[in-house]
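>>> give me a model of this one.
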Amino acid sequence: MKRIPPRPDAAHLKKQAKQLLAALRAGEAEAFARMRSTLPAAHGASDAAIAAMEPRLHDAQSCIAREHGFVSWSELMGFVAARLAHAEAIADPARARLRWLQLAYAGDVAGGTGRAQPRVAARLLAEQPALAGDDLSMACATGDAAQLRAALARDPAWLHRPGGALQLPPLFAVAHSSLWQLPAYRPGLLGCAQLLLDAGADANQSVGNRWPPASLQAPSTTERLSALYGAAGQNRDPELTRLLLAAGADPNDGESLYHALESVECTGLLLRAGARVTGSNALYRVLDLDALPQLRLLLAHGADPNEPAPGEPTATWGRPLLWAIRRRRSAAHVQALLQAGADPQVRMPDGTDAATLALRYGLPEVAALLIAAGLPAPAAPLERFLAACARGDEAAARQLQQPGWPAELPAGQLRLLPELAAQGLRPAVQCMLRLGWPVAVRGGDWDASALNQAVFRGDAAMARLLLDHGAQWTERHGYGDNCCGTLQWASCNQPEDGAGDWLGCAQALVAHGMPGAQPDPQDPDGVLFQGRRARFSDEVTQYLLEAGAAQTGPAPPGRSR
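Predicted coordinates for the structure are as follows:
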């Protein structure tokens, strides 16, 4: 593993990644060997096979990160920032500890919107073990049972008081530490939780939410975060969840069930402890997650399959059955809802029934289930036309098409284009565009055009398809920005698995008229886009700067830029 210097230079690491990419493209054997030894996708592959993968900057960055012991480039950059911040704060131990705690805890606890970075926090602490000192908040976060035991011996009342830089009660601090996610720390943290509970800690310790507009200095007075939420909803640790519930933690804390749904075991523990599904929005959330076992658990523990939607964007869709169709869930999901008593007769506000809706969303198996449950098979030519479009069956759609379709269709039907684009249904989108669908119509959760939906997903092929059919990068979405703004957010917040091609989206947008970018003299990591500051992922930034330089061209003789 490569060593990181005491004052690392992010720009130097970025340069190394660019050099590695250049070496890969030049066919250098050493570069291929580095990729083979670090990237799972390249493990055991020949040089030719790696070259055929057409490595890009994010692949080279991932290689650099793994060579330094990190699983992703974003984690490496997070460590670099943390190391520099620690170096600046080293003369002030309290400040240094606060910065470390802001890595170990998520923004709703530490104040802000950031995610916890447990591996970064652990690496920094391993290099600077003196950072922990005798600070009890650090002991809670790292699972130092000896320090907690000594604190209880000195002052038994400490058990019940908020303290430390984040003003957290001890059991809460233990339960919310993101270091639970690291196997080396988990036994110590579990031991600390047991120690504190045995000493009489309240299993319902909580703090006010610090998520903006609240803050660390001014937590919310109405939204409380519990220790159980840390166990089940944040760290999703079944053993800690079980421990807290056995000690009397309230499973109806307003957060735990909703956030625990990514873990079938934690979900089951909460439900068996009496967590109420109704009013928690868990039923709609589980359909968002496509988690069939958890859906069945919720239904088996009293979830109302006809529970009205709590608010936008679900409110328009009325009932879980309609929401399941909108999210294009499987026939098994719909069958589970029907078996639990979901009303197959529910309708959209415009009167559209569930079977018709299923066909509009390209779900013939779901429609068949609903028809078997008593709904009539949609027979109107318009509905058959829409169903053919959703299946991507252009021939059938053309046979059914009537004058004025699709341009003169009602708004609800026209919104199918961005809705299906948001689900990644490229054959359906292609069919609809060839039939003349208005390309800029807006829809989906965030009232965005199909092009915005494609860019958000990092679906470069769909973006090119839409642009070839007249879509424009200036199309707006419900948050008031255009496709360039969508590209900024999506490329900077892409998933750790690298799924999505935001560079390809940028290339498609520029090829169809979007301007490039210029360097920002005040921010080496940012750019100027049409005179405004903007940030994209590194590879998108590099491409947009190159595009901007090409669009601007060389300066005339005797002039400089």
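
>>> residue 527 versus residue 543, what's the distance?
Separation of residue 543 from residue 527 (CB to CB, to the nearest Å): 11 Å. To be clear about C-beta, it is placed using only N, CA and C from the backbone, and glycine gets the same treatment.

>>> any residues in contact with both of these two?
Here residue 543 and residue 527 have no joint contacts, going by CB atoms under 8 Å, 6 or more residues apart in numbering.

>>> where do the strands sit along the stretch 401-550 of the chain?
Assigned by DSSP state E, counting those that start in this stretch, the strands in the stretch 401-550 of the chain fall at 442-443, 448-449, 518-519, 527-529, 532-534.

>>> let me know which of these is tucked in deepest.
Of these, the one with the most neighbours on average (mean count of other CB atoms under 10 Å) is strand 448-449, at a mean of 27.

>>> what mean pLDDT does that strand have?
What strand 448-449 shows for mean pLDDT is 98.

>>> residues contacting stretch 493-508, please?
Here stretch 493-508 makes contact (CB under 8 Å, 6+ apart) with 56-58, 62, 71-72, 74, 454-455, 457-461, 463-464, 467, 487, 490-491, 536-537, 539-540, 543-544.

>>> what number of residues lie near residue 149?
With neighbours defined by other CB atoms under 10 Å, the count for residue 149 comes to 16.

>>> could you find the closest non-adjacent residue to it?
With sequence-adjacent residues excluded and distances taken as CB to CB, 6 or more residues apart in numbering, residue 149 is closest to residue 195, at 6.5 Å.

>>> isn't the one you found up against residue 144?
No - counting by CB atoms under 8 Å, residue 195 stays clear of residue 144, with 10.6 Å between them.

>>> just the buried ones from the contacts of stretch 493-508?
Those of these that meet the buried threshold are 56-58, 62, 72, 74, 454-455, 457-460, 463-464, 467, 487, 490-491, 536-537, 539-540, 543-544, by 16 or more other CB atoms under 10 Å.

>>> wait, what's in contact with residue 381?
Contact analysis of residue 381 by CB under 8 Å, 6+ apart lists 400, 402.

>>> gap between it and residue 388?
10 Å.

>>> could you name every residue contacting both of the two?
Here residue 381 and residue 388 share the contacting residues residue 400, scored by CB under 8 Å, 6+ apart.

>>> quick one: least confident helix or strand in this structure?
helix 73-89 (a mean of 83; mean pLDDT, DSSP states H and E).

>>> what's that one packed up against?
Counting contacts by 3 or more CB pairs under 8 Å, 6 or more residues apart in numbering; DSSP states H and E, helix 73-89 packs against helix 10-25, helix 57-67, helix 93-104, helix 118-127.

>>> just to revisit the earlier point, quickly find the element holding the residue nearest to residue 149.
Using DSSP states H and E, the element containing residue 195 is helix 186-198.

>>> that helix packs against which elements?
Packing partners of helix 186-198 (3+ CB pairs under 8 Å, 6+ apart): helix 136-142, helix 145-154, helix 170-176, helix 238-246.

>>> just say which of those helices is most tucked in.
helix 170-176 (a mean of 30).

>>> which residues are in contact with it?
Contacting residues not belonging to helix 170-176 are listed as 105-106, 109, 136-137, 140-141, 143, 148, 158-159, 163-164, 166, 168, 189, 192-193, 196-197, 201-203, 205-207, 225-231, 234-235, 240, 244 [CB under 8 Å, 6+ apart].

>>> thinking again about what came up before, direction included, what does the next helix or strand after the helix holding residue 195 pair up with?
Following helix 186-198 in sequence order, the next helix or strand is strand 206-208 (DSSP H and E). Using DSSP bridges, the strands paired with strand 206-208 in its sheet are strand 224-226 (antiparallel).

>>> next SSE downstream of the partner strand?
Using DSSP H and E, the helix or strand that follows strand 224-226 in sequence is helix 227-228.

>>> mean confidence score for that following helix?
In this model, helix 227-228 has a mean pLDDT of 98.

>>> and stretch 461-473, by the same measure?
On average, the pLDDT along stretch 461-473 is 98.

>>> need the contact partners of it.
Here stretch 461-473 makes contact (CB under 8 Å, 6+ apart) with 421, 424, 426, 429-430, 433-434, 439-440, 449-451, 454-455, 482-484, 504-505, 508-509, 511-514.

>>> for stretch 18-28, same thing?
30-32, 34-35, 47, 50-51, 55-57, 59-60, 63-64, 542.
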